[in-house]
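Undergrad: Got a predicted model here, sequence first, then my questions.
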Amino acid sequence: VQLVESGGGLAQAGSSLRLSCTFSGGTFSSYTMGWFRQAPGQEREFVAAITWNGDDTRYADSVKDRFTISRDYTKDTMYLQMNNLTTSDTATYYCACKIGIVLTPTRTAYPNWGQGTQVTVSS
């Protein structure tokens with residue numbers, strides 16, 4: 001399985017960005033997908049996840065009501081719509097996936113990772 005993130009960049013506080021994660025090398029609909037982020041000097045933390053069929057989602061408290069995770073089965077792509085960005089959202093954002101239906105925020109449950117895309121939010 002290969003995952004490639006895109007859509008990161010520089011944004012002003014209060015603005016929006018949409019990240020994409022393109023999946024290949026497997027059956028997209030078999031995988032639970034997730035977004036994680038890592039700020040300099042910090043642990044990689046859970047952001048959001050979506051089940052294999054898109055019926056359920058889960059968010060970190062810090063992004064709830066601002067970020068939306070979704071997936072497009074026609075494009076084998078997952079998205080993270082990020083609204084009302086704050087400087088605390090500055091991090092490298094990683095796409096991850098795992099086989100199976102369990103929706104979990106546990107980083108170690110995801111064996112497949114992308115290379116990350118940088119998001120920098122300025123005040």
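TA: Sure thing, it's come through.
Undergrad: how about the strands in this structure?
TA: Assigned by DSSP state E, the strands in the chain fall at 2-6, 9-12, 17-24, 31-38, 45-50, 57-59, 67-72, 77-82, 91-99, 112-113, 117-122.
Undergrad: Minimum distance to residue 106: which of these has it?
TA: Closest approach to residue 106 among those (C-beta to C-beta): strand 45-50, 7.7 Å. For the C-beta atoms, the positions are set from N, CA and C on the backbone; glycine is no exception.
Undergrad: What are the buried residues along that closest one?
TA: Residues of strand 45-50 classed as buried under the neighbour-count rule (16 or more other C-beta atoms under 10 Å) are 46, 47, 48, 49, 50.
Undergrad: Also stretch 6-17?
TA: Judged by neighbour count using 16+ other C-beta under 10 Å, the buried positions of stretch 6-17 are 7, 8, 11, 17.
Undergrad: what does that stretch contact?
TA: Residues from elsewhere that reach stretch 6-17, judged by C-beta atoms under 8 Å, 6 or more residues apart in numbering: 18-22, 81-87, 92-93, 117-123.
Undergrad: list the contacts for residue 31?
TA: 1, 23, 52, 97, 98, 99, 112.
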